[in-house]
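Asker: okay, predicted coordinates and the sequence, questions at the end:
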Amino acid sequence: MGHLYIFGTIFFTVYGQLIIKWRIGNYGSLPVESMEKLVFLLKLFLDPFIFSGFISAFLASMCWMAAMTKFELSYAYPFMGLTFVLVFIFSIFFMGENFNIYKLLGVCCIILGIFLTSKG
C-alpha cells in the first residue's frame with residue numbers, strides 16, 4: 001500500500017505541473033507593474049484548471065505524508081525523480097516542447113539514479 005502513496009504523490013505532482021503550464025499559456029506573460037501582476041496572478045488562480053493544479057499539489061502533499069509513514073525518506077524520495085521523467089515525456093508529446101540529446105541523457109541519469117537508490 002505504501003508504494004501507492006508514492007505513486008499518488010507522483011501522479012498528482014505531474015498532473016499539477018502539466019495542467020498549470022498548459023493553462024498559463026492562454027494568459028500571456030506576467031505584467032511588469034506590481035498591481036497588474038497581482039490582478040494577473042489572481043486571474044490565473046481563479047482559472048478552474050489552474051485551481052485544480054493547486055488542489056492536485058495539496059493531494060500530492062497528503063499522499064507524501066502517508067508515504068512517509070511507510071518508508072524511510074532516503075528510500076522514498078528518489079522516486080520523486082520520476083516526476084521529472086514524466087513531465088519531460090508528457091511535455092514533449094502533449095505540449096510540443098523541445099527534445100534534444102542532452103535532455104534525454106539527463107532523464108537517463110535520473111532513471112539510473114532511481115534504480116540505484118531503490119536497491120540500497
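Answerer: Everything's here; your move.

Asker: pLDDT weak spots in the chain?
Answerer: Within the chain, the segments meeting pLDDT under 70 span 120.

Asker: try it again with 80
Answerer: Applying pLDDT under 80 to the chain flags residues 118-120.

Asker: all helices of it, in order?
Answerer: Applying DSSP state H to the chain gives helices spanning 2-24, 34-46, 48-68, 73-76, 81-95, 101-119.

Asker: show me which positions of the fourth one end up buried.
Answerer: Right, the one you point to is helix 73-76. Applying a neighbour-count criterion of 16 or more other Cβ atoms under 10 Å, one finds Ala76 buried in helix 73-76. Every residue, glycine included, has its C-beta placed from N, CA and C.

Asker: gap between that helix and the chain center?
Answerer: Centroid separation for helix 73-76 versus its chain: 18 Å, with Cα atoms, centre = their mean, to the nearest Å.

Asker: Ile111 is in contact with Val85, correct?
Answerer: Yes: counting by Cβ atoms under 8 Å, Ile111 is a contact partner of Val85 at 6.3 Å.

Asker: so for the two, which residue has more residues nearby?
Answerer: Neighbour count, other Cβ atoms under 10 Å: between Val85 and Ile111, Val85 has more, with 17 against 14.
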